[in-house]
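Colleague: can't give you the sequence, but here's the structure:
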């Protein structure tokens with residue numbers, strides 16, 4: 001089993017910045033791509049940004065040029081630097097980790113519990 005834990009959410013004014021952090025842990029697994037999703041009430045979760053193990057990235061059009069996803073020195077950590085935040089960025093942000101069991105080579109995607117980001121004056 002892999003545990004995924006996010007941190008760094010909170011309240012920020014429009015135009016402000018926030019940095020989310022995420023760490024994945026679990027023995028017997030190799031962590032591959034990691035990503036951030038977000039969800040607002042009544043809507044499906046949407047992909048915000050994703051980064052592969054070799055640090056290739058992709059972003060939702062709505063956040064390109066404002067958000068930056070990066071991995072820490074430990075391959076099991078990922079960050080989301082969010083700049084120029086707008087009220088429409090308000091959502092619960094979820095971190096995911098693609099994890100492959102080293103014994104069976106089967107991959108699973110694990111989700112964190114989510115962290116609330118609220119952009120409001």
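Modeller: Thanks, I have it. Note that the structure is predicted; figures quoted are calculated from it, not measured. Numbering: from 1, shown residues only.

Colleague: what distance do you get for residue 83 to residue 67?
Modeller: To residue 67, residue 83 is 7 Å away according to C-beta to C-beta, to the nearest Å. Just so you know, the C-beta spots here come from the backbone N, C-alpha and C atoms, and that holds for glycine as well.

Colleague: which of the two has more residues huddled nearby?
Modeller: A side-by-side neighbour count of residue 83 and residue 67, using other C-beta atoms under 10 Å, places residue 67 first with 22 against 14.

Colleague: neighbours of residue 121, how many?
Modeller: Neighbourhood size, residue 121 [other C-beta under 10 Å]: 8.

Colleague: so what's it up against?
Modeller: When contacts are counted by C-beta atoms under 8 Å, 6 or more residues apart in numbering, residue 121 touches 13-14.

Colleague: distance check, it against residue 12.
Modeller: In terms of C-beta to C-beta, residue 121 sits 10 Å off from residue 12.

Colleague: partners of the spatially most central residue of the chain in the sheet?
Modeller: The centre of the chain sits closest to residue 36, judged by C-alpha atoms, centre = their mean, with a distance of 2.5 Å. Beta-bridge partners recorded for residue 36 (DSSP bridges): residue 49, residue 95.

Colleague: show the pLDDT at it.
Modeller: With respect to pLDDT, residue 36 has a value of 98.

Colleague: show me the contacts for it.
Modeller: 20, 22, 47-50, 69, 78, 80, 93-96.

Colleague: now the strands: where do they sit in this protein?
Modeller: Applying DSSP state E to the chain gives strands spanning 3-7, 10-12, 18-25, 29-39, 46-51, 57-59, 67-71, 77-82, 91-101, 107-111, 115-119.

Colleague: separation between the spatially closest residue to residue 24 that is not a sequence neighbour and residue 58?
Modeller: With C-beta to C-beta, 6 or more residues apart in numbering as the criterion, residue 24 has its nearest non-adjacent residue at 3.8 Å, and that residue is residue 97. For residue 97, the distance to residue 58 (C-beta to C-beta) stands at 16 Å.

Colleague: fine, thanks again, bye for now.
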